[in-house]
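Engineer: What follows is a protein structure lacking sequence information:
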C-alpha cells in the first residue's frame, strides 16, 4: 500500500497540488484509500479505539504521508523538511512522475548508475527495476530463455531462474529482434 501511495504522492508534488505535509494529509482525505480506511479500519492496521478517537483518521493520514515523504526524500525524488513540513519536487521526482517510474526503481538507479557503467551493467540495472519484480520464471520457459540468452548480444550475469535475468533476456531479444520459438 505504501509504495503506491508514495508514487501517487510524488505525482501530486510534481503537479504542484501538494507542497506541504498538511496539504498532502488533506489530499489523502480525498482518495479512495481514505474511503476504504474509513469503511474497514482494521484492514489497514487501525484499531477500533483509534478509529473512535480519531474518526477522520487525521493522525493515521499524517503518519502515512510522513512515511511516504521520508521514502521519497531518501530516493532523491523530493526535498522534505521535517520541521516545517515543506515538500519540494526534484528533477528526479519529475522524471519519475512523467515516465511512471516507481520511487524504488529510481532509488535503484541512483544507487547503481555510475559514469563507468558498461552495457552489461546498464541492462542489469534496468532489469532490476521494481516494475518487473512480480515477473516469474516458469519451468516451461527455461529452455527458451536459455536459447535467447545464448543469442543475446550482451552477456547476462544473473542466473536465468531470476526475474531480473528473464527481464534482461526479453529486453535484449526485443531490441535485437530475436525470433521466439
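Structural biologist: Perfect, I can see it now. Predicted, not measured: the structure shown is a model, and the values here were computed from it.
Engineer: where's residue 69 relative to residue 94, distance?
Structural biologist: From residue 69 over to residue 94 the distance is 16 Å, taken as CB to CB, to the nearest Å. Glycine gets a C-beta too; all of them are placed from N, C-alpha and C.
Engineer: Show me which of these two is the more surrounded one.
Structural biologist: residue 69 (26 against 16; other CB atoms under 10 Å).
Engineer: Let me know the pLDDT of the residue nearest the centre of the chain.
Structural biologist: The centre of the chain sits closest to residue 102, judged by CA atoms, centre = their mean, with a distance of 2.7 Å. Per-residue pLDDT puts residue 102 at 95.
Engineer: ditto for residue 3
Structural biologist: Looking at residue 3, its pLDDT stands at 85.
Engineer: so who does the residue nearest to the centre of the chain touch?
Structural biologist: By CB atoms under 8 Å, 6 or more residues apart in numbering, the contact set of residue 102 is 3, 7, 96, 129-131.
Engineer: For residue 79, grab phi and psi.
Structural biologist: Backbone torsions for residue 79, taken as degrees, to the nearest 10, come to phi -110, psi 120.
Engineer: Surely it touches residue 73?
Structural biologist: Yes - using CB atoms under 8 Å, residue 79 is in contact with residue 73, at 6.8 Å.
Engineer: Looking at those two, which one has more neighbours?
Structural biologist: Neighbour count, other CB under 10 Å: between residue 79 and residue 73, residue 73 has more, with 19 against 15.
Engineer: residues contacting residue 56?
Structural biologist: By CB under 8 Å, 6+ apart, the residues touching residue 56 are residue 29.
Engineer: tell me the secondary structure for it?
Structural biologist: Under DSSP: H, G, I helix; E, B strand; the rest coil, residue 56 falls in the coil class.
Engineer: re the thing from before, could you flag which of the contacts of residue 102 are buried?
Structural biologist: Buried members of the contacts of residue 102, counted by 16 or more other CB atoms under 10 Å: 7, 96, 129-130.
Engineer: Is it possible to get JSON lines of those that adds distance to residue 18 and pLDDT?
Structural biologist: Below are these laid out as JSON lines (distance: CB to CB, whole Å; pLDDT from 0 to 100):
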{"residue": "7", "distance to residue 18": "13", "pLDDT": "96"}
{"residue": "96", "distance to residue 18": "15", "pLDDT": "96"}
{"residue": "129", "distance to residue 18": "25", "pLDDT": "94"}
{"residue": "130", "distance to residue 18": "22", "pLDDT": "93"}
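Engineer: Mark which of the residues you listed are part of helices, please.
Structural biologist: Among these, the members found in helices (DSSP state H) are 7, 96.
Engineer: now, which of the buried ones among the contacts of residue 102 sits nearest residue 149?
Structural biologist: residue 129 (19.0 Å; CB to CB).
Engineer: helices and strands around the helix or strand where residue 123 lies, which ones?
Structural biologist: Per DSSP states H and E: residue 123 is located in helix 119-127. Contacting helix 119-127 under the criterion 3 or more CB pairs under 8 Å, 6 or more residues apart in numbering; DSSP states H and E are the following elements: helix 103-112, helix 163-176.
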